[in-house]
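> Take this sequence and fold it.
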Amino acid sequence: MPGAILCHSFTGTTLTLCERLTGETGAALHRIEAGGPGPGAVGYAVWGFRAVTGLGGAPEAPPADAAAEAPWAVLAAPVWIGRAALPLRRWLERAPPLPDRLGLILTSDSPRHPDPAFTELGRLAGVEDAPRLHLTRKTVETGGGDAEIAAFREALGV
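Residues are numbered from 1 along each chain as shown. As a prediction, this is how the structure comes out:
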């Protein structure tokens, strides 16, 4: 049985990375959609406010048990104002059953590793020590990150 990748992407960067991993691993890709405004000034303002306040509707997401039977899963999202994007956090609040082999992916514009965002994401997912992958938008858009992705996959065992 293939693994599962649960992915929220706002601008397409995280989705590009998730699609790459899906192609390399044969995992099933499950998208978490935010609804509301997309990229642009209004979208950034609305989602920035929602990221800080936690306000906003439930995301359009796969069922809570989407990854329950998978041997491994990856949770992926962009970093918004220092935190994993709200739609993924909201999906995790439903306490979905997740496999023991779980990896965390965050993308951002900053080259600094978003440790607090990873810590929060791990807490919401119920894991303290999961393989982590952080790539910048520029790295993803240029098709880079091969060594980082290989190390992440090795740590996850896929």
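
> Where do the strands of the chain begin and end?
Using DSSP state E, the strands of the chain run over residues 4-7, 28-31, 72-80, 83-84, 101-108, 132-136.

> Quick check: which ranges of the protein have low pLDDT?
Counting by pLDDT under 70, the chain has low-confidence residues at 35-63.

> which stretches of it form helices?
Taking DSSP state H to define them, one finds helices in the chain at 13-25, 41-53, 86-92, 115-125, 137-141, 146-156.

> Export those to a markdown table and append columns for distance to residue 77.
Bear in mind the C-beta positions are built from the backbone N, C-alpha and C, glycine included. Below are the helices of the chain laid out as a markdown table (distance: least, C-beta to C-beta, whole Å):
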| stretch | distance to residue 77 |
| --- | --- |
| helix 13-25 | 6 |
| helix 41-53 | 11 |
| helix 86-92 | 4 |
| helix 115-125 | 8 |
| helix 137-141 | 13 |
| helix 146-156 | 15 |
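
> Out of these, which gets nearest to residue 98?
Set against residue 98 and scored by C-beta to C-beta, these come closest in helix 115-125, at 6.1 Å.

> Outside of that closest one itself, which residues are in contact with it?
With contact meaning C-beta atoms under 8 Å, 6 or more residues apart in numbering, helix 115-125 is reached by 75, 77, 79, 82-84, 88-89, 92-93, 98, 102, 104, 106, 128-130, 132, 134.

> PyMOL command for the buried members of those residues?
Applying 16 or more other C-beta atoms under 10 Å to the contacts of helix 115-125, the buried members can be selected in PyMOL as follows:
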select buried, resi 75+77+79+83+84+88+89+92+98+102+104+106+130+132+134
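
> what's around residue 111, how many residues?
Using other C-beta atoms under 10 Å, residue 111 has 10 other residues around it.

> I'd assumed residue 145 was in contact with it.
No - contact criterion C-beta atoms under 8 Å: residue 111 and residue 145 do not qualify, at 11.9 Å.

> Touching both of the two, which residues are there?
The contact sets of residue 111 and residue 145 do not overlap (C-beta under 8 Å, 6+ apart).

> so how far is stretch 94-112 from its chain's centroid?
Centroid separation for stretch 94-112 versus its chain: 5 Å, with C-alpha atoms, centre = their mean, to the nearest Å.

> What of stretch 92-110?
6 Å.
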